[in-house]
Each structure stands twice: as C-alpha cells, then as structure tokens.
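A.B. asks: Return atomic coordinates for the entry below.
(2 chains)
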Amino acid sequence: MSASKGPAPQGAPAKAATLSPAEAGYKPHYLLNRSRNTLLTLAGLALVAVILFFVDSSGGTKMQQVFALFAIWGIATVSLNLVNGVTGILSLGHHGFMLIGGYVTGLLILPQAARDNLSASARSSLSDFAIGLSVENWMRALGLDFLATPETLWARFLIAVFIGGLMAALFGIVVGFPSLRLRGDYLAIVTFAFGEAIRLLASTPMMASFTNGALGFAGVPSEFGKSVWWTFGLLSIAVFVMARLKYSSYGRALQGIREDEIAAEAMGVHTAYHKVLAFAISAFFAGVAGGLWVSWVGTARLDLFLFFLTFYFLVAISVGGTGSITGALIGTALVVWVRQYGDPLEQSYPLSTWVLALGCVLLAVALIAFLVRRHKRLKPVTGPVVLGPLVLGVLAVGFGLFGTEMTALQQSWQGFGMRAITLAILLIAIMILRPAGVMGRKEFSWAMLFRERLDEPTDEERRQDAWLSNAALAASLAGDDEEEDADENGGAV
Amino acid sequence: MLELKNVYKSFGGLQAISDLSLSIKQGEIVSLIGPNGAGKTTVFNLITGVYRPDSGEVDFEGKSLKGLKPSAIVDRGVARTFQNLRLFTNLTVLENVLIPQHHRLRSNWFNAVLRTPGYLRQEREAHDRALEKLAFFGPRLMSFRLHQSVEVLSYANRRRTEMARAMATGAKLLLLDEPSAGMNPKETREITRIIRRMRDEGGYTILLVEHKMNLVKDISDRVVVLDYGRKLAEGSYHQVVNDPAVIEAYLGKRSDKDSAVARAQAADGMYADIDEPGSQA
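C.D. replies: Numbers count the residues shown, from 1 in each chain, chains lettered A, B, ... in the order given. A predicted model of the protein is given here:
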C-alpha cells in the first residue's frame, strides 16, 4: 500500500473532481464536424440521385424493376426493424400490415375503367360501396376537380398510400396490445397468427365485398410502384423518420425496452405506450410499402402477402444486423438481388459448369477465411479452414475446366431451387462469420468512415484515467476530510 | 416523505412481508438490513410498484402509490437501483443516463423526429443533467467512457452508472439495493462518501439495503432490521446492533453466557467483510 503512495504525477489534472459538463468539453455526437458531415451527406444523396437518374433513363426495364423492388422492400424491412431490432419484439405479422395498406391503396386508386369492368363482371364479389371508394370520386365531391384529372393521379396515389398506411397503423395498434402482456416466443406466435388471420379474413365472403376474395382486382396503376423516383422518394422518407426516431429520446427509450424491459419500466419509461407506438409507426410504413408493392405488381392479390414476405424481411434484418437501419438496407439489397437476378442459377447447365462454379465458391471461401484470419492475427494464417476449401476449390476448378471430356460431367443438370439454396448458404455463412449481422448494431455514419471514435481515450484522458485508478491518489478524489484520508495522506507525505 | 403503513404481502403460502410500517423523512439516509431472505428487496419491489401489497398503505408525499405502474411511481419521484445490475448493456453510459430522463420529455415523437427547437432544448438539458449526475462519481465516467457501451465497463463502474441512472430520473427518494456489492474496500469507502454527498449536495432522500455493516454504520441516520418479513428493530446503528432480537436473528439464540460475546461481535460490525486499510496502518 505505502509503496504506491506519492505525489500526483505531473500530468494529473488538479481539479479532476470538480469537472463540470462544460469543462469536460462534451458535445452531442450530431454536433461534431457538423458542416463536413452535412456536405458529405449532400454529396452522397447527389450520387444516389445520379445513379437513379441513369437507372431511370438508360437502365433496362428489369433493372428499374429491381431498383424499385429494393426500395419497396427496403421500406418494409426498415419498418419491421423498428419493432424487431430497435424495440426487440419479434413480430412476424408484417405481411398482414402490408396487405391492409396494399388493398386500401389499390382500391382507392383503381381507375374508373377497372371499376366498370368489376361491377359488370359476374364473378366479382365487390360491393357497390367498395367500388365507389375512390379518391377520384372524393376529390370531385369536395369540388377539387383539378385533383381528379389523369395528370394528378400522383396526388391521389399519395393520398391513397397515406390512408393505407393509417389503416395499417390502426391494425398495428390492435396488434400492439397483446404485446403488453406477452413476451418473446408467445408474442411472436400471436403476431404471426394475426398476420395470417388478416390474410385469411380477406379471403372470406364477409370481407370479399371489399377484397374480391381470392380473385383480387387487377388494373392498379403501376407507374408509381415501378418508378425508381417514387419508390426511392418514399424509402428516403421512411429511412429519415426511422433514423431520426432511433436517435431521439424515443428511440433510446425503445432500445431500453429491448435491453431490459423491467429496468426500462423502473426508469420511468411507459413501456406499454412505447411498444404500441413502435407497432403503430412500423405498421404505418408497412402499409405504405404494401401500397407500393400492389402498385409494383399492378394487382391486389392475396398470394402477394404470404408469410414468405415477412420471412424475407427477417432474413434481411438478420443478415444486415438486428437494430441497424443501414444493415436492414444492405440485407434487403442482398435478398432482392438473389431473388431477382437468381434466374440464371435455376437454368440447366452441363455438370462441368456446376463443378466449376462450386470450385469458384470454394476458392472465394478460402480467400475470405484467409483475410479474416489475417485480420484477427490468428496463427497459422493458413489453417484448415483456408487449406480445405483451397484444395477442394482447386480440384473442382480443375475438373470443371479440364474435365469437359469426361462423360460423367457432360450431362446437364437443372438447378431447381438454387436461388433459395444460395440465400440459405449466404445466411448460414453470415451467421457463422458475423452472428450479429453485417453491421451489428452499428449504423453507417461519416464519423465511422473516418474512424472518429468517441469511446477511445485521448492520451490526456488515458493519463487521467490511470491517475484515477491509482488507489492511493484517488483517495483524495471525493475531496472530503475524513480521518482515514487524512491519515493516509499524512503517511504518504 | 415515504410512509408504509401495515403492509402485508404473501407469495402463495409464504408470508413475505407482514405488518411492516416504515416512515422516512425528507433528507434521511435509512438502511434496511436483515439476513438473506428477510424481505428487503420485496420491500423495494412493493414501494416501486413491481408488486402490489395485499393490504396496507404505501404513501409518498401524502399520496398513495398503491396500484400505480412502476413508471408512474418514477414520475412521482421514487427511483431504484437493482441488486443484480439491470443496466441497458448494449447502450452507452450516456444513453443509460439519458433513458431515465425520457419520462420528463414534453415533446411527442413527431416533434422528436422533426427535431423542433423545443425538443432540441430539452435534449440539451437532458445531456447536461446526465453529466451533472455522472459528475458525482468523479470524471471517470465523463470523458471517453461516456460513449462506451456498459458491456465493457468494470463492475464498480457499472454500479456507479446505475446509481447515476437512478438519480437522472429526477426522483427525490432513491432506493439503493446493495450499492457496494462487488466493490473492493477502497471503492466501498468511496461509494459511502458519494451516497452522503448525494444526500447533502443532491438533496436526495435515501433508503438502502446493504450487507456491509461498515457502510451501514458510516452513513445511516437510522437502521431498520427485517427478519422473516417483520420489522425486528429500528433506531440508530448502535441501538439496533445491540438489540438482543437482532443478534438472535443474525447469530441464533445463545445462552446468557454467550450473548455478551455476541453483542461484542455485533458492535464490532457483523459481516465486516471489509478490510480497513486505514486500520492496518
């Protein structure tokens, strides 16, 4: 004990105990390097706009559709992330909210011609009341004739999407209530049941007067769902709201509920209100995504809203990183890419081509394993994880390239279901390599890009910390005049 | 300030608390001690609304707390720490101390998303208040540790964060459940001083559960002893530890000859698991 005693080192701050917030030089994170970050954000947005411009003007129809689908599913994933990732409630009923938003939007903007067809058709079970539900009619009734022209369809679409979102939010509030009493798996089952119940209800004769049962209704204008500008515009609003929400006091409260619900309640967070709020906001954007999705397809059909939809979003969230908006978007991009560009995977090729492809995948695995091991400074860098795939990969590539003469490899084989298999393998690989997802809980930020970390001490702070953790010196920290202190200090000097 | 009147609570057949009356005045530091399973934490849970008393009254500043949700009780001005830390582990120290201030926010979520001037002003105030509370524990949590997730903190720093978090709720009465658990003697003595400063400078009234009798001896204005859910004794530290009923509860019944020894041990501080470096010197 006595050996460690001595006068404070030169670098030690003299008035450490009375440091006020202002003296500590604290600034909220969003105020650091603000102008630089604003400029970079504007530049980034401009870059996205340029890319979208080229996709819109010179990209093929397929590419435009893929971009639009990415944005639509991005809205849904980001909104699911609010409940699943940020608030920590496993919700499996997202397709139900999307269905509500989709059907409401579809019905409200259905052109008059499609309505006439439906009311003339003997197989249609839509009621006259439902056929009369049209934003166009409402605008006429309100005397806003300029909003009922074909040129202002966009305004009616926006109104319809907004109403669809609100309807979904209403149902979100209803689903939010079981979340007040249930937790974990039990709640997941309830939300799943709710999502399925919405879909099955929509097919019953009772609701068929609004949904037209299993037939659905075609002819929904698809110029919005397939336009990159509309979809990305709404996506950016969704991301903006979600990001601002996450980094607000409300977002912190939601994350508190995720971390420890009992502690959050004990710290004054009204957990019931906040959970229902999360469900409502999430369902609103799910409804918006549903509206765009129906518009993208051009038809409101029940089989557009199967549980698979929610499953894809869950995969996207898990891959990207639970709770991270950036991660949700990365995950969506991956899922959409595999789904939309996976067609070549399901074609028929000679076996030698398959072997060659397998070899390339194995070589890539070896390379990634090598890079990971080098990054983690594991010795030896070429462990069995690297050598195994490397050897197998070289063999497979060899067979693929030079074994074309072998009759066994000349047979052709069609890769049915290779898309799903590829997605599954990607998921497994990410879960093994990065269980927390690509982004973990982190978000992309310019500070992250420039490696500005607030949680790492400066040299000054490190010195101060060493001084603080020195037991003998820190005794005087509390700065009161107790006898023990007096004794100790007396003994030291 | 806080008034418990004839509170009863049972779990199935187990009578956890029976006929407990307790009153705490503004500016007091009261310690609640008792053997394991005596019902100390249950008392905390009854006050903070985790449990509802079977009968009896829990009043705070003249108004009943009975039947309120824990979050509503925090609004009234009672906050607690947990025996086995319940911090928001994956969030930073700063976020941990900001969350308890959320219930004071007077902006709705939409204003928070739009970052209206009113919301931003409240956010700044919350940051200042968070640092003000963390400053009770010296600068150790205030520089780079502010942005570290609680996961990487030492146990003592987690305890400090949890106490700062309870203070940040804006409560007037703090219930501290074993504030020195897992701390070394040095840190225990520091936390003793800090608890006193919390009362003297922060103006908090404090009810604490503690097993380290040196800490209890140093800071308590009053000590309440619980055993099997009943109040066994109440009074100053020395009154309480010399009470035969208390000694019996802790050490078992002794013959008359032994009880003098037991009393002497008790006066020295039962459960004195603290080495006083000062006394060694």
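A.B. asks: which residues does the closest residue to B:Asp177 other than its chain neighbours contact?
C.D. replies: For B:Asp177, ignoring the flanking residues on the chain, the nearest one in space by C-beta to C-beta, 6 or more residues apart in numbering or on different chains is B:Gln83 at 4.2 Å. Heads up, the C-betas are built off the backbone N, CA and C, glycines and all. Each residue near B:Gln83 by C-beta atoms under 8 Å, 6 or more residues apart in numbering or on different chains is listed here: B:41, B:177-178, B:181, B:209.
A.B. asks: which among the residues you listed gets closest to chain A?
C.D. replies: B:Asp177 (11.0 Å; C-beta to the nearest C-beta).
A.B. asks: confidence score at the closest one?
C.D. replies: Note on B:Asp177: pLDDT of 93.
A.B. asks: Who is it paired with across the strands?
C.D. replies: B:Val209 (DSSP bridges).
A.B. asks: what number of residues lie near it?
C.D. replies: Neighbourhood size, B:Asp177 [other C-beta atoms under 10 Å in any protein chain shown]: 22.
A.B. asks: which ones are touching it?
C.D. replies: B:40-41, B:44, B:80-83, B:208-209 are the contacts of B:Asp177 under C-beta under 8 Å, 6+ apart.
A.B. asks: quick check, nearest of the contacts of B:Gln83 to A:Ala122?
C.D. replies: B:Thr41 (70.9 Å; C-beta to C-beta).
A.B. asks: For burial, what's the neighbour tally of that closest one?
C.D. replies: Neighbours around B:Thr41, by other C-beta under 10 Å: 20.
A.B. asks: returning to that earlier point: could you say whether the residue nearest to B:Asp177 sits in a helix, a strand or coil?
C.D. replies: Secondary structure, DSSP: H, G, I helix; E, B strand; the rest coil: B:Gln83 is coil.
A.B. asks: same thing with the one 3 residues further on?
C.D. replies: Assigned by three-state DSSP, the conformation of B:Arg86 is coil.
A.B. asks: Now it: closest residue in space that isn't a chain neighbour?
C.D. replies: A:Ala263 (3.8 Å).
A.B. asks: Show me which residues of the stretch 151-300 of chain A sit near chain B.
C.D. replies: A:241, A:244-245, A:248-250, A:252-253, A:255-256, A:259-260, A:262-272, A:277, A:281 (C-beta under 8 Å from any C-beta of the partner chain).
A.B. asks: Okay, whichever residue of the stretch 101-250 of chain A sits closest to chain B and A:Ile163: tell me how far apart.
C.D. replies: The nearest approach of the stretch 101-250 of chain A to chain B comes at A:Ser248, 3.8 Å away (C-beta to the nearest C-beta). As judged by C-beta to C-beta, to the nearest Å, A:Ser248 and A:Ile163 stand 26 Å apart.
A.B. asks: more neighbours, the two?
C.D. replies: Shown here are A:Ser248 and A:Ile163; by other C-beta under 10 Å, A:Ser248 has more neighbours (22 against 19).
A.B. asks: Within the helices and strands, which one has the spatially closest residue to that one that is not a sequence neighbour?
C.D. replies: Sequence neighbours aside, B:Ala112 is the residue nearest to A:Ser248 in space, at 3.8 Å (criterion: C-beta to C-beta, 6+ apart). With secondary structure defined by DSSP states H and E, B:Ala112 is part of helix B:109-114.
A.B. asks: which parts of that helix are buried?
C.D. replies: Across helix B:109-114, burial judged by 16 or more other C-beta atoms under 10 Å in any protein chain shown covers B:109, B:111-113.
A.B. asks: And the host helix or strand of A:Ala369, what's buried?
C.D. replies: Per DSSP H and E, A:Ala369 falls inside helix A:351-375. Under the neighbour-count criterion of 16+ other C-beta under 10 Å, helix A:351-375 has A:351-359, A:362-363, A:365-366, A:369-370, A:373 buried.
A.B. asks: which residue ranges form the helices in the stretch 201-350 of chain A?
C.D. replies: Counting by DSSP state H, counting those that start in this stretch, one finds helices in the stretch 201-350 of chain A at the ranges A:205-211, A:228-246, A:249-259, A:261-266, A:271-297, A:307-320, A:325-341.
A.B. asks: from what I can see B:Leu131 touches B:Pro139, true?
C.D. replies: No - if you go by C-beta atoms under 8 Å, B:Leu131 and B:Pro139 don't touch, sitting 10.1 Å apart.
A.B. asks: Next, the angle helix A:249-259 makes with the biggest helix by length in chain B.
C.D. replies: Of all segments of type helix in chain B, defined using DSSP state H, the longest is helix B:117-134. In terms of direction (axes from the mean of the first three to the mean of the last three C-alpha atoms, to 10 degrees), helix B:117-134 departs from helix A:249-259 by 50 degrees.
A.B. asks: does any part of helix B:117-134 sit near chain A?
C.D. replies: Yes - on the criterion C-beta under 8 Å from any C-beta, helix B:117-134 is in touch with chain A at B:119, B:122-124, B:126-128, B:131-132.
A.B. asks: hmm, back to that, tell me the one among the contacts of B:Asp177 nearest to chain A.
C.D. replies: Distances from chain A to the contacts of B:Asp177, taken by C-beta to the nearest C-beta, are shortest for B:Arg80, at 6.0 Å.
A.B. asks: neighbours around the closest one, how many?
C.D. replies: Counted with other C-beta under 10 Å, B:Arg80 comes out at 28.
A.B. asks: which non-adjacent residue is nearest it?
C.D. replies: In space, B:Arg80 is closest to B:Leu175, 4.0 Å off (C-beta to C-beta, 6+ apart).
A.B. asks: And the host helix or strand of that neighbour, what's buried?
C.D. replies: According to DSSP H and E, B:Leu175 maps onto strand B:173-177. Neighbour-count burial for strand B:173-177 flags B:173-177 (criterion: 16+ other C-beta under 10 Å).
A.B. asks: Farthest-apart pair in the contacts of B:Gln83, please.
C.D. replies: The widest separation within these (C-beta to C-beta) is 12.0 Å, between B:Thr41 and B:Ala181.
A.B. asks: confidence score at B:Asp200?
C.D. replies: 92.
A.B. asks: coming back round to it: so which elements touch the helix holding A:Ala369?
C.D. replies: helix A:384-402, strand A:412-414, helix A:418-433 (3 or more C-beta pairs under 8 Å, 6 or more residues apart in numbering or on different chains; DSSP states H and E).
A.B. asks: which residues touch B:His102?
C.D. replies: A:249-250, A:252-253, A:256, A:268-269.
A.B. asks: Repeat the analysis, applying 10 Å as the threshold.
C.D. replies: A:248-254, A:256, A:264, A:267-270, A:274, B:71, B:126, B:168-169 (C-beta atoms under 10 Å, 6 or more residues apart in numbering or on different chains).
A.B. asks: still on that earlier bit, looking at the buried residues of helix B:109-114, which is nearest A:Asp116?
C.D. replies: The closest of the buried residues of helix B:109-114, once distances to A:Asp116 are taken by C-beta to C-beta, is B:Val113, at 42.0 Å.
A.B. asks: Name the residues contacting each of B:Thr41 and B:Ala181.
C.D. replies: B:83-84, B:209.
A.B. asks: how about those in a markdown table, adding pLDDT?
C.D. replies: Output for the shared contacts of B:Thr41 and B:Ala181, formatted as a markdown table (pLDDT from 0 to 100):
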| residue | pLDDT |
| --- | --- |
| B:Gln83 | 88 |
| B:Asn84 | 88 |
| B:Val209 | 93 |
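A.B. asks: Show me which of these is closest to A:Phe171.
C.D. replies: Closest to A:Phe171, out of all of these and judged by C-beta to C-beta, is B:Asn84, at 38.6 Å.
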